[in-house]
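> What follows is a protein structure lacking sequence information:
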């Protein structure tokens, strides 16, 4: 039913009152919940669906049908219902801002997150998931909507210009699909045993932490941000001038090829037109109206004798002087520099075509990479490479953080995305998850990069009258690693507060009598033998995640036999760890999935299929060559399968640790948010980045928040190794990190 008048709402009211759970969807004028309008909303219980037409396009403007007040009254009736949504954060935040109705606490089941719980890969759009599950006909209303928008003169983003009846049908179909998919994924989670996890962690996190963080945003220090951006741009410009001067000898051939490829010397069109402008002549036109450089037309020009000095007549063909061609091409380019240091394609040409260097890595598309790994590999040959590395880092800082924050802030608040469906482990994906950590001299050799990098977190502030309270788990991955292995030596190391990587290096190299992993000891390995500890940072967790002797050999630049010995000693010192690895590998090969201690599943069905077809013999390239002989195509095909299989086995080893670490943070965030709300505190979680939580709290509430954070983060999930988190208080995020 499509409701277009206030007087026709009685049937919908009765429908809402009789239902316990309903799907809810909105249609809007844009994607910004704080600035757009809601034109209508849909409600369904799968058996029936209603659309409330608040606004409709009359051919020139949006006109009101059902009043905003009546819409708000209807939505308040949903406050006692369990709502089923798809990307409910968007719908409920928009509803809150536009109608002033808070439906966030009612979001009981989100289909996008249910789909992620049952299958982390593939489509994450409603129509895409529905088409996969129910067939392409699920997209019929979408096609009709797009056609209506186009017929009414709207762009693809102007959904509100569709005919009201078509919009109503589209929204109702979305509500019906949402409810239907919810039932489907409910059944799947019940079958695989993840429903309890979904209701205990996934949905409470979404409802009580994720949506509120996206709703409230995080405050920015705009003056500092603008000042730092100006500062970094000055430094970028300086480095750019240095680099272009240093690279000038190798740019000549590049510039010629670039201009010839992008602005070729053609007998008609843009090149001819620009030539005529430069020489101040009027060229004859082709039948299509384009200026022409055809020989017969040029020779007929009144100024031919003057024009000829720019020509070379060879074998009866007129050819422009190279200097003139270059002048025309440069003018077409628009002046300025041709070489762009920020262009990966152009850097590729310099290094691999001009300098004839060999790539060390490739992109997913098979294109050679000019990344930091490559630049470090050739740094000893080219003095400018160090400057280029520094330039790249500064450009990334400027574009990824400063420019983005300034462009997207609203009244000094940045509204970040916290996406629960963008990672397999359960950690958030989104635009703040890559915030740079504070760098020290050991981590970053450039003092300039360190200085500017370490300013980024200071852009986020508490604001007048408030404080930020932040707590980061100490070595969470290592603690979970030790708990997962159940190995006494690893657990004792955590309990004794020993340095993990120093301890591993001591154990592997048999240095118990010479060095200590005690951070306060005079013979602390990190101070006495820093390289041994640095090497242990490669294999300390790497071996547990599937690193073999060849990969270790390449990374450490050591003999493969020596690296095989390191792995043997590693397992000899931590035998239970090896047993646990074998357990997870067996699980993924026989069941096609692994499960974390918290209950989240990583679905890897292809691992089971490959194991059943090929067995582990596929992991040895010699077996592949022996089996398929001279059939190169088959060998290449099986090698690709081998790479996929090996990657899935490594995922199976990595996942239980990463996912449990994510659940520890997630469940602590849920517990902390609830406790602060129960105590009537105004404080709220404003940020979650990896293993840390940040709370924005009024100054008077800070002592209580500090106590709650520490107690909750250390005790919500109990492990065999102790969890520790020490809250820090400050005016900005940089101070608490």
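On my side now, so go ahead. The model shown is predicted, which means the values in this text are computed figures rather than measured ones.

> how much space is there between the closest residue to residue 599 other than its chain neighbours and residue 666?
Spatially, and ignoring its direct neighbours in sequence, residue 599 is nearest to residue 197 (3.5 Å; C-beta to C-beta, 6 or more residues apart in numbering). From N, CA and C alone the C-beta is placed, and that goes for glycine too. As judged by C-beta to C-beta, to the nearest Å, residue 197 and residue 666 stand 11 Å apart.

> Which parts of the stretch 101-250 of the chain are strands?
Shown for the stretch 101-250 of the chain, the strands assigned by DSSP state E, counting those that start in this stretch span residues 107-110, 218-220.

> What is the burial count for the residue lying closest to residue 648 once chain neighbours are set aside?
Distances taken as C-beta to C-beta, 6+ apart place residue 607 nearest to residue 648, at 4.1 Å, with adjacent residues excluded. Using other C-beta atoms under 10 Å, residue 607 has 26 other residues around it.

> Over to residue 319?
Residue 319 has 12 nearby residues by other C-beta under 10 Å.

> just residue 287 next, same as before
When neighbours are counted by other C-beta under 10 Å, residue 287 registers 6.

> can you offset everything so residue one is 357?
All set: I'll call the first residue 357, so the last point we hit is now residue 643.

> quick one, phi psi at it?
As for residue 643, its main-chain torsions (degrees, to the nearest 10) stand at phi -60, psi -30.

> pLDDT at it, what is it?
Note on residue 643: pLDDT of 73.

> ok, now the one 10 residues further on?
The predicted structure scores residue 653 at 64 on the pLDDT scale.

> buried residues in the helix or strand encompassing the residue nearest to residue 1004?
Secondary-structure element containing residue 963, defined by DSSP states H and E: helix 961-970. By 16 or more other C-beta atoms under 10 Å, the buried positions in helix 961-970 come out as 963-964, 966-967, 970.

> is it true that residue 591 touches residue 805?
No - counting by C-beta atoms under 8 Å, residue 591 does not reach residue 805; the two are 9.3 Å apart.

> Now do the contacts for residue 743.
For residue 743, the contacting residues are 595, 598-599, 602, by C-beta atoms under 8 Å, 6 or more residues apart in numbering.

> Take these and lay them out in TSV including pLDDT and neighbour count.
Formatted as TSV, those follow (pLDDT from 0 to 100; neighbours: other C-beta atoms under 10 Å):
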residue	pLDDT	neighbour count
595	94	20
598	92	15
599	92	18
602	89	15
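
> quick one: which of these sit in helices?
Counting by DSSP state H, the contacts of residue 743 place 595, 598-599, 602 in helices.

> Now flag whichever of the residues you listed is closest to residue 1038.
For the ones in helices among the contacts of residue 743, the closest approach to residue 1038 (C-beta to C-beta) belongs to residue 595, at 45.4 Å.

> Pretty sure that closest one sits against residue 746.
Yes - contact criterion C-beta under 8 Å: residue 595 and residue 746 qualify, at 6.3 Å.

> mind listing what residue 442 touches?
381, 466-468, 482, 530, 534, 537.

> hey, where'd the helices end up in the stretch 357-506 of the chain?
Taking DSSP state H, counting those that start in this stretch as the criterion, the stretch 357-506 of the chain contains helices spanning 366-374, 424-432, 444-455, 467-474, 482-490, 496-507.
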